[in-house]
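Asks: Here's my sequence, what's the structure:
(one chain, ligands or ions: 1)
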Amino acid sequence: TWTIGNIAEEQIARIREQVGPDGRAICGLSGGVDSAVAAAIVQKAIGDRLTCVYVDHGLMRKGETEQIERDFVAATGAKLVIVDAEKQFLDALAGTSEPEAKRKIIGREFIRAFEGAELEVIKDAPEGTKVGFLVQGTLYPDIVESGHGAGTSTIKSHHNVGGLPEDLEFELVEPLRELFKDEVRAVGAQLGLPNVIVQRQPFPGPGLGIRIIGEVTRERLDILREADAIAREEMTAAGLDGDIWQMPVVLLADVRSVGVQGDGRTYGHPVVLRPVTSEDAMTADWARLPYEVLEKISTRITNEVAEVNRVTVDITSKPPGTIEWE
Ligand code: XMP
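Replies: Below you'll find the model as predicted:
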């Protein structure tokens, strides 16, 4: 009979066979549920011959990198390399405000940072290893959408960083390719991953970089991280995490408005709360959050984040709005 336990066991056996007795695999962790569960399955299959790589682009929410470092490793025992690339990303993003330009820069820098880590992993591999394995958290719906059939695909990775200047070949390992999202969560829970990972709401790859309207700077990221952490804390405290799809918090960094606080005039930035309900992110409705929760979030953000003096709520559905502001 079909059980979540069988799914994991079957995939573990299949991956052991695919990677063989001395193959090496690398898996990029994004902080999301898919890559974490994929990595956990492969770790069970081949242990330390898997290296997980987390590129810290400096665009994550408060505490997320530490969560990966601590909770993921504690739950799986996986070998984890964290690439501290914050400066690299912020330098590359300096002066850019246009959303698609930001996405391109973030994507390009991500590949650079990840390829640097690939080289380290390959350097450790036994003499004569030509092919590495690249773990990807591709789900069944992704495969159906892109029209890929079953089979083994390889990708080439071109390295222009120092060290070995050659092309590497990676064979894809896709432990989730037969699963839907809810099954991925169930497998993750069964493998002992904590709820903060398994029940995590969607978060975009470019991170807070596309939630700062305007240029991305370290200072602006810190402001948004504080506001976002408060909003998430209050949503969790109110027990609302399961009722919404996600709630981006957006910093209108180029906008200022006048306010008054204590005995003085303020001239700060607005943040936008963007709570939505959705089935698949293709369409979305703005979530009718309880006024008391909105009030709490607004009071706390304006009290605790000095640079923010106004909190607004986005009441646009998708379409015509997208979920993210960029
Ligand atoms: P939109 O804004 O298009 O978002 O309504 C739909 C869903 O996709 C997420 N999103 C992204 N995810 N890279 C990602 O990995 C991106 O560039 C990106 N842009 C949007 C968004 O958070 C929502 O869940």
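Asks: Lowest mean pLDDT among the helices and strands, pick that one out for this protein.
Replies: strand 154-158 (a mean of 71; mean pLDDT, DSSP states H and E).
Asks: residues of the very next helix or strand once past that one that come out buried?
Replies: Next helix or strand after strand 154-158 toward the C-terminus (DSSP states H and E): strand 167-173. For strand 167-173, the neighbour count (16 or more other C-beta atoms under 10 Å) marks 168, 170-173 as buried. Where C-beta positions appear, they are placed from N, C-alpha and C, glycine not excepted.
Asks: Can you tell me the strand partners of strand 167-173 and which way each runs?
Replies: strand 131-135 (parallel), strand 154-158 (antiparallel) (DSSP bridges).
Asks: most packed of the ones you listed?
Replies: strand 131-135 (a mean of 22; mean count of other C-beta atoms under 10 Å).
Asks: could you pull out the helices for the stretch 1-150 of the chain?
Replies: For the stretch 1-150 of the chain, the helices defined by DSSP state H, counting those that start in this stretch cover 4-19, 33-46, 64-67, 73-76, 86-93, 99-124, 140-146.
Asks: ok, now the stretch 201-326 of the chain?
Replies: So, for the stretch 201-326 of the chain - with DSSP H, counting those that start in this stretch - the helices run 218-237, 291-304.
Asks: got the ones you listed as CSV, with mean pLDDT columns?
Replies: Output for the helices of the stretch 201-326 of the chain, formatted as CSV (pLDDT from 0 to 100):
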stretch, mean pLDDT
helix 218-237, 98
helix 291-304, 98
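Asks: With mean neighbour count and distance to the ligand added, can I get the ones you listed in CSV?
Replies: Shown next, in CSV, are the helices of the stretch 201-326 of the chain (neighbours: other C-beta atoms under 10 Å; distance: least, C-beta to the nearest ligand atom, whole Å):
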stretch, mean neighbour count, distance to the ligand
helix 218-237, 19, 13
helix 291-304, 16, 19
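Asks: In TSV: the ones you listed, plus distance to Trp325.
Replies: Shown next, in TSV, are the helices of the stretch 201-326 of the chain (distance: least, C-beta to C-beta, whole Å):
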stretch	distance to Trp325
helix 218-237	12
helix 291-304	17
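Asks: first to last residue in stretch 59-77, what's the distance?
Replies: End-to-end distance of stretch 59-77 (C-alpha to C-alpha, to the nearest Å): 25 Å.
Asks: Could I get the average pLDDT for it?
Replies: Stretch 59-77 carries an average pLDDT of 95.
Asks: what's the closest of the strands paired with strand 167-173 to the ligand?
Replies: Checking the strands paired with strand 167-173 against the ligand by C-beta to the nearest ligand atom gives strand 131-135 as the closest, at 17.3 Å.
Asks: Give me the residues contacting the closest one.
Replies: Strand 131-135 is contacted by residues 18-19, 23-28, 35, 38-39, 42, 50, 118, 121-122, 125, 154-155, 168-175 when judged by C-beta atoms under 8 Å, 6 or more residues apart in numbering.
Asks: Pull the distance from that strand to the chain's centre.
Replies: Strand 131-135 has its C-alpha centroid displaced from the chain centroid by 21 Å (C-alpha atoms, centre = their mean, to the nearest Å).
Asks: do the same with stretch 178-187
Replies: With C-alpha atoms, centre = their mean, you get 17 Å for stretch 178-187.
Asks: That one close to the ligand?
Replies: No. On the criterion C-beta under 6 Å from any ligand atom, stretch 178-187 is out of touch with the ligand, staying 12.1 Å away.
Asks: Contacts for that stretch, please.
Replies: So stretch 178-187 is contacted by 4, 7-8, 33-34, 37, 41, 137, 139-141, 176, 198-199 (C-beta under 8 Å, 6+ apart).
Asks: What's the mean pLDDT across stretch 143-152?
Replies: 72.
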